[in-house]
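Colleague: return a 3D structure for these sequence lines:
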Amino acid sequence: MIIWLTGGSSGLGMHTAQQLVKAGHIVVAGARSFHGDQQPGLFRLPLDVTDDAGAEAFAEQAMLLAGPPDALVQCAGILMLGSCEETRVDEYRRILETDFLGMVRMNSLVLPIMREKGKGRIIMFSSINGLLGIPFQSAYTAAKHAVEGYAECLSMECKPFGIEVCLIEPGDHRSGSDSYRYRSAGMTDASPYAAEFAKGTAVIHRDEQGGSDPDKLGRKIAKLLGRRHLPLRKRIASPDQRLAVALHRLLPGNLNSRILRSYYLGGKKTEAPAHSEGRNG
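Modeller: Okay, the predicted model is just below:
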């Protein structure tokens with residue numbers, strides 16, 4: 001199978017690309033840091049999913065090197081940590097451009113190819129954050145919620161053309177890269193949210209460090225692509241994160257918010273000290 005993959009330089013995208021190659025697929029991986037080198041079964045091409053011309057150039061080169069894709073696996077994403085109040089509109093836009101509109105842009109390039117072939121598979125990485133929100137990840141959460149709704153629409157529209165859509169909803173995995181993790185410019189020591197920001201992001205960092213094996217996730221993606229049909233959603237998360245999603249659906253909103261706030265922030269309002277230092281995850 002010929003697979004085009006975005007976000008292949010680090011994190012879950014890198015591990016997924018590696019496992020797809022091990023499974024015998026030909027992978028054309030894109031990332032901003034790639035410069036056009038080749039390994040057995042793997043082509044690495046420059047790709048900025050926020051840039052129309054760059055995305056088109058990637059698609060043209062991928063067609064020449066490997067041929068039309070049987071599947072597109074979309075892993076590109078960045079994270080912004082900050083309070084809702086102090087995250088600027090341009091910072092929200094930056095996350096949405098990469099994590100959501102980048103997928104839209106790449107899909108628009110492969111859909112005509114897949115329609116002509118009469119088949120194709122599009123896998124988009126969402127997140128547990130696409131199903132529920134947590135403190136100080138509003139930009140990332142908003143982008144992943146957008147991906148969830150968009151994918152439902154895309155799945156229904158593409159069905160007559162033999163194109164399947166699958167959302168991957170990972171929980172915490174040991175794969176984070178600080179080069180793709182940003183803190184809102186407004187989150188300074190003077191922020192009224194500084195103390196709780198430090199608490200919340202410390203929990204986020206701890207959970208990521210103790211997260212699941214990213215290679216195992218990559219193997220599950222490879223196994224999915226070997227199935228006759230794709231599910232619309234595939235949740236790859238620990239039991240406690242699966243439980244959090246179930247409770248989010250079942251419990252009243254205020255109760256669910258109290259539970260999540262207690263987990264990340266200790267449940268009580270914390271006054272920011274005069275010189276507290278926020279930590280990102």
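Colleague: just say helix, strand or coil for Val49.
Modeller: The three-state assignment at Val49 reads coil, by DSSP: H, G, I helix; E, B strand; the rest coil.
Colleague: and the closest residue to it other than its chain neighbours, what element?
Modeller: Take Val49 and drop its neighbours on the chain: the residue closest to it by C-beta to C-beta, 6 or more residues apart in numbering is Gly102, 3.0 Å away. Using the backbone N, CA and C atoms, a C-beta is placed for each residue, glycine as well. Element membership of Gly102, judged by DSSP states H and E, is helix 102-117.
Colleague: in that helix, what's buried?
Modeller: 102-107, 109-111, 113-114 (16 or more other C-beta atoms under 10 Å).
Colleague: tell me the mean pLDDT over that helix?
Modeller: The predicted model gives helix 102-117 an average pLDDT of 98.
Colleague: packing partners of it?
Modeller: strand 2-6, helix 52-65, strand 71-74, strand 120-125, helix 138-158, strand 163-170 (3 or more C-beta pairs under 8 Å, 6 or more residues apart in numbering; DSSP states H and E).
Colleague: so what touches that helix?
Modeller: Defining contact as C-beta atoms under 8 Å, 6 or more residues apart in numbering, one finds that helix 102-117 is touched by 4, 6, 49-50, 52, 55-56, 59, 68-69, 72, 74, 76, 120, 122, 124, 147, 150, 154, 158, 161-163.
Colleague: out of these, which are buried?
Modeller: 4, 6, 49-50, 55, 59, 69, 72, 74, 76, 120, 122, 124, 147, 150, 154, 158, 163.
Colleague: nearest residue to Gly162 other than its sequence neighbours?
Modeller: Lys119 (4.0 Å).
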